[in-house]
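# okay, predicted coordinates and the sequence, questions at the end:
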Protein chains: 4
Amino acid sequence: MSNIWGRNLRLSIFGESHGQGIGIVIDGLPAGFSLNMEEVNRHMERRAPGRSEFVTPRREGDGVEILSGVFNGFTTGAPLCGMIRNKNTRSEDYEKDLARPGTADLTAHIKYKGYNDYRGSGHFSGRITAPLTFAGSIARQMLASKGIHIGSHILQIGGERGETFDKAGQIHRKQLIDLAQSDFPLLNEEKGEGMKAEILRAREEKDSVGGIIECAALGHPAGLGSPFFESMESNLASMLFSIPAVKGVEFGGGFDLASMRGSQVNDPLFYEEGKILLRTNHSGGINGGITNGMPIVFRTVFRPTASIGKEQNTVNLATGENSTVTVEGRHDPCIVPRAVPVVESALALCLMDSMMEAGWPE
Amino acid sequence: MSNIWGRNLRLSIFGESHGQGIGIVIDGLPAGFSLNMEEVNRHMERRAPGRSEFVTPRREGDGVEILSGVFNGFTTGAPLCGMIRNKNTRSEDYEKDLARPGTADLTAHIKYKGYNDYRGSGHFSGRITAPLTFAGSIARQMLASKGIHIGSHILQIGGERGETFDKAGQIHRKQLIDLAQSDFPLLNEEKGEGMKAEILRAREEKDSVGGIIECAALGHPAGLGSPFFESMESNLASMLFSIPAVKGVEFGGGFDLASMRGSQVNDPLFYEEGKILLRTNHSGGINGGITNGMPIVFRTVFRPTASIGKEQNTVNLATGENSTVTVEGRHDPCIVPRAVPVVESALALCLMDSMMEAGWPE
Amino acid sequence: MSNIWGRNLRLSIFGESHGQGIGIVIDGLPAGFSLNMEEVNRHMERRAPGRSEFVTPRREGDGVEILSGVFNGFTTGAPLCGMIRNKNTRSEDYEKDLARPGTADLTAHIKYKGYNDYRGSGHFSGRITAPLTFAGSIARQMLASKGIHIGSHILQIGGERGETFDKAGQIHRKQLIDLAQSDFPLLNEEKGEGMKAEILRAREEKDSVGGIIECAALGHPAGLGSPFFESMESNLASMLFSIPAVKGVEFGGGFDLASMRGSQVNDPLFYEEGKILLRTNHSGGINGGITNGMPIVFRTVFRPTASIGKEQNTVNLATGENSTVTVEGRHDPCIVPRAVPVVESALALCLMDSMMEAGWPE
Amino acid sequence: MSNIWGRNLRLSIFGESHGQGIGIVIDGLPAGFSLNMEEVNRHMERRAPGRSEFVTPRREGDGVEILSGVFNGFTTGAPLCGMIRNKNTRSEDYEKDLARPGTADLTAHIKYKGYNDYRGSGHFSGRITAPLTFAGSIARQMLASKGIHIGSHILQIGGERGETFDKAGQIHRKQLIDLAQSDFPLLNEEKGEGMKAEILRAREEKDSVGGIIECAALGHPAGLGSPFFESMESNLASMLFSIPAVKGVEFGGGFDLASMRGSQVNDPLFYEEGKILLRTNHSGGINGGITNGMPIVFRTVFRPTASIGKEQNTVNLATGENSTVTVEGRHDPCIVPRAVPVVESALALCLMDSMMEAGWPE
């Protein structure tokens, strides 16, 4: 039981990687918003497989059919269901009984007593992030109509690491918009080659590699979020850790704050042109769970894709015998580039949810 | 709106640092459990202020009065409300209008339009983690009765860092139980002096310092948790990020996974004496959001305490004038030692919640 | 925001009467249950329009396509999405601006600022109960596998009223199973003619008529439900009042209890063959929100269908002018016969939800 | 698990009749509202026992201590906890093992395996409605500040029945305000004697009697509520059925609609002075789950109090032996007069919750 998220905007996801289809029901969207489907599809394309040599060659249109909630091009206020049919499924690539190390094969088998759809990780597949991206791409349109923009960049892949937003100076609106257009967004373009080389090297060696995405939002009001259980960090982290392969989330200064002093990282306030602003942003735009008006900044680490072509030791779940498994099929040597719009979607959906606490602004 | 957490076990917290009292309502506890209040108080003591030179000298008994849910020493199954009266409050230490940088003073002022109880951070105070520790200390008793144990250690304070559970070798049950007795739990005792020196140095300089806690659970069954929105990581992170000053959470290999290969970090399965086990634990005991039977391991970073005695630039929230603030009052130069039982409580409450999905085992 | 229900079993509905399709996501179903689709379809047929002269001649297959959550005929434990395509839609029957009295035309227009899909009541249509019936028909199969049976009868239509379960004597298992087979279930067969005559008379007069359904469950354990906000009555009523046209719900003695004495209606306990039983059932099987082991018995009143062929006074929502409306199109002169499986589904889903609080019994 | 209610305004209740205390945490209240405690206490008094011969002589001050959420007389936006100490408890009146027919003694014993606090029904006591009344009396103040008023009258006690709002003509604002002042509110004053006589007769005969409360709200906007699972009727019924002894709820025409025609009960729309209004109010102010601007009108039936002085057959829960029980102690011969402010509170809390969906109006 886990497939429903949110308070003011509620998401209900469904689907298995190789079943009939996958999708999402979005409940609570404001009525009367004119959807730009081209924009939606652009973000779906960013996440879609098969578009470059850095990602899995599995090729899916990922065309979303809207079953409800839109009438004459406008949201109706009723639940919006977006559904994607599974088409290009090569189920024969999947062995039923040999659990792939690092995946949910073992845990799904235990929890669902062997009845889970094991093909391509079934409901545990990263493919279920496609509906999430669909929902997020609607949310970011709505946010953009209020001047709120979201963007991110690939901070690290393998040993190659760029600079953070903070180190690279202020975050600008145009910068975020440009990043959000890119399939391989970078703050330091010169790091791109090294990162791509890491991915290709992993692929050649039938292996995979991890990485870090840094994401930001700009233009949202101060005062969003809540103390304690529904802090902006809690809500965001709860959705980010839903994304398969995410193993860490940090805001603002993050883990580096452990070795720092309060006097270094307390962001000083100042007053300018009728506004209270902060000089620095070590808190990532959030204090006490509530936005302070500065950009929201956080980083998310993705583990190396679990499915690799190298032989690994495992157990046959049916017989209990020790065995080895070599994962055939088409897999991403690094999920990070495709995960960018998913992370952005998580932020967009969280922002929508908290903005709607006070009613969606007309 | 943020003060309620959980599905099968539901928590509702209340209180302000300098108001009448603080407390928690715990709904969904199994009936018929005999509470060990001595054990509860021991964990409350670990979190309480004023017990050593490393923490704030504010001294509170933090005695919890149980208002409901316990009859003749046993839980009744009805909501258990624990309440703590505020006693030792020196409200005069708090200035109403000078926002302390790094705190929720600004954001609370914006969200609640100036009506928030500003004294000692009001409802945003770390003091609200006392009721959470109370609830957690009940949960860990119930878990212990099923052979599940939770413990943690201080991994880093300032520049001084110890080894992780992983590097230090296997996690043992007795080790966790011992750690859970300590007020300053360490895996590498020899690092303790350096850590304490970091805290004292910060105090002397009227400053504060951050740190990292590593926490683990052992003995729980495989199969707890869910894919996606209620993954073990999502639920845990959602509660951990409720704790004031937490700015990052990572599981298993965490952010280090960015620079690693799948072949290095996929935990190989093997079969031994009727059980499927994993050779390594890079995933921190969780795959696909579900426990795999290995210890749950995660790290939480705490920023340096925001309230420091050094002069800082700020704004007067009433007049909008640029100003400076020097926080008087009694503050922790490092919140990490007192935060240990809070982090453990978050894990205990999450484990209880997921164990109860299938009904509390008799 | 309203389209998600439940705690242990969660339902998320979507769809509009004349849009692409309608459906439901069911989250939390136990894995490993073998679905009997014939049985599902039988209940879908009971609710479907166009099957007799007592209901609307709109004819839909209402074939449900299962998009997820079932693999090799067994539930997987992942969310089960059932989707029904809209086919036979005569949208031209619907006027956009003339609000039909008694419907949600006015209130939907206000809430959604005119962006709601007005065709055939859009998301407010009784057609959305088809997915609910689908979910309920799965739940009742699972309940039946544990010996729990649900059935109901038409107690009243217009002026014609039969006897209640109580007056007709004990409820028997076979009786409930037989009732659940019928398209026009009755406790007093001789009342059937009069009820049908009421419906036909209303139809002839281009009018509609209301009625009452009495529903019961048998074979469930004592101890289901909770005090206060999640009492069995609260949960059931919350779902029953979701069904369009429902305007009242009463349990056991219901409104008649107003004129009775405690000594008459307190159900006396007695002990027999190792069991504590109750002599009478004035409480409808529920005390303090929790099942007492007796049959659950409740009645639900349906208002006369709002869409009628008679001319009615109304307002043009676009121009604000007073006007009249004559509803063309195909409508049910009485919704009660088709509502029977919907009411039964509500009970089935509530029972499933509360049974799963303690984990679904193996 | 059942003690938390609401989405935008969340309630968490706790307490047992004869434990340390009872209370409620109200999360989500708007900040900056100046509480009128006199007004709160007036409604608490209306519910309190011991004030007349028609109710139980148990006398409690029911003074609520506010532990949090109020600072300098204004709500802070943080959770507001109101707590009432139990004082006048004569626990010796309660037998542990003899289940009182009609109460939750049996079902609580089963669900909580005998660990429930049995004294005075423990957590199942009507006494827990005191905190609900406290919360409701805050909500109605906030609503009144927006011109929304709530009132109700005793429609029936035993065989004596007055007229409904509908039959008595239009509902007026002053009328509701006056009714809300009364301890025994009536639309037809002349029926009061008969109703009181019913109560006294029941008391003399060591018995109890039931009744019906009709409640209304006026001045709220059209457009509150949602279709389906969070319809105004669903939300209201879910809270009303939380109140011990409630066995039925009906809106507008209610159960009488079964015998009526659509042409009779469809409320015709008309346009007047810039507003769309309805001629009649058979739907009780709600269509499609959403308020239509007409008064919300509903009726709630209360069963006769289960605790009576007459001897009744029962079972000894400890020994399983058939036995008899005569309930000593002080009990209400009719709970209806004291239940009036509880029903009004349910309506006030539901209205607050739905009004806050769009943000509390400034």
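Structure received.
# checking the spatially closest residue to residue A:175 that is not a sequence neighbour next. Helix, strand or coil?
In this structure, residue A:175 finds its nearest non-sequential neighbour in residue A:151, 6.9 Å apart by Cβ to Cβ, 6 or more residues apart in numbering or on different chains. Heads up, the C-betas are built off the backbone N, CA and C, glycines and all. Here residue A:151 is strand, with the state taken from DSSP: H, G, I helix; E, B strand; the rest coil.
# where does residue A:151 land on pLDDT?
Residue A:151 carries a pLDDT score of 97 in this model.
# any idea how far chain B is from it?
In this view, residue A:151 and chain B are 20 Å apart by Cβ to the nearest Cβ, to the nearest Å.
# what's the neighbour count on that residue?
Residue A:151 sits with 27 neighbouring residues when counted by other Cβ atoms under 10 Å in any protein chain shown.
# the one 4 residues further on now?
Taking other Cβ under 10 Å as the criterion, the count of residues near residue A:155 is 26.
# mind checking which helix or strand it is in?
Element membership for residue A:155 (DSSP states H and E) is strand A:149-157.
# what helices and strands are in contact with that strand?
If you count contacts as 3 or more Cβ pairs under 8 Å, 6 or more residues apart in numbering or on different chains; DSSP states H and E, strand A:149-157 packs onto helix A:129-144, helix A:173-179, helix A:192-204, strand A:211-218, helix A:336-355.
# quick one: contacts for the closest residue to residue A:104 other than its chain neighbours?
The shortest distance from residue A:104 to any non-neighbouring residue, by Cβ to Cβ, 6+ apart, is to residue B:288 (2.5 Å). By Cβ atoms under 8 Å, 6 or more residues apart in numbering or on different chains, the residues touching residue B:288 are A:103-104, A:107-108, A:121, A:124, A:244, B:227, B:231.
# for chain A, which residue gets nearest to chain D?
Going by Cβ to the nearest Cβ, chain D is nearest to residue A:359 of chain A, at 3.3 Å.
# quick check: that residue vs residue C:319, distance?
Distance, residue A:359 to residue C:319, by Cβ to Cβ, to the nearest Å: 28 Å.
# who has more neighbours out of the two?
Neighbour count, other Cβ under 10 Å: between residue A:359 and residue C:319, residue A:359 has more, with 15 against 10.
# my guess is the more buried one meets residue D:355, correct?
No. Residue A:359 is beyond contact range of residue D:355, at 10.1 Å (criterion: Cβ atoms under 8 Å).
# which parts of the stretch 251-362 of chain A are strands?
Shown for the stretch 251-362 of chain A, the strands assigned by DSSP state E, counting those that start in this stretch span residues A:269-272, A:275-278, A:286-287, A:290-291, A:296-302, A:311-315, A:322-326.
# quick one: the longest one to helix A:336-355, angle?
Interaxial angle of strand A:296-302 relative to helix A:336-355 (axes from the mean of the first three to the mean of the last three Cα atoms, to 10 degrees): 140 degrees.
# so strand A:296-302, near chain B or not?
Yes. Remark: strand A:296-302 sits within contact range of chain B at A:299, A:301-302, by Cβ under 8 Å from any Cβ of the partner chain.
# which of the residues you listed has the largest number of neighbours?
Among the residues of strand A:296-302 next to chain B, residue A:302 has the most neighbours (other Cβ under 10 Å), with 28 neighbours.
# ok, for it, nearest residue in space, not its chain neighbours?
Spatial nearest neighbour of residue A:302, chain neighbours left out: residue A:245 (4.6 Å); criterion: Cβ to Cβ, 6+ apart.
# quick check: that neighbour touching residue A:335?
Yes. Using Cβ under 8 Å, residue A:245 is in contact with residue A:335, at 5.6 Å.
# which one of the two has more residues nearby?
Counted by other Cβ under 10 Å, residue A:245 and residue A:335 do not tie: residue A:335 has more neighbours, with 26 against 23.
# and that one, how far is that from residue A:127?
According to Cβ to Cβ, residue A:335 stands 11 Å off from residue A:127.
# cool, residue A:325 as well?
On the measure of Cβ to Cβ, residue A:325 and residue A:127 end up 21 Å apart.
# circling back to that earlier point, adding pLDDT, write the residues of strand A:296-302 next to chain B out as TSV.
Shown next, in TSV, are these (pLDDT from 0 to 100):
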residue	pLDDT
A:299	98
A:301	98
A:302	98
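# closest one of those to residue A:203?
Nearest to residue A:203 among those is residue A:302, at 15.9 Å by Cβ to Cβ.
# contacting residues for the closest one?
So residue A:302 contacts A:210-213, A:245-247, A:335-336, A:339, B:257-258 (Cβ under 8 Å, 6+ apart).
# does residue A:217 touch residue A:152 like I think?
No. With contacts counted by Cβ under 8 Å, residue A:217 stays clear of residue A:152, the gap being 9.6 Å.
# contacting residues for the closest residue in space to residue A:361 that isn't next to it in sequence?
Among residues not flanking residue A:361 along the chain, residue A:146 sits closest, at 6.3 Å (Cβ to Cβ, 6+ apart). Contacts for residue A:146 (Cβ under 8 Å, 6+ apart) come out as A:219, A:355, A:361.
# assumed residue A:146 was part of a strand.
No. Secondary structure of residue A:146 (three-state DSSP): coil, not part of a strand.
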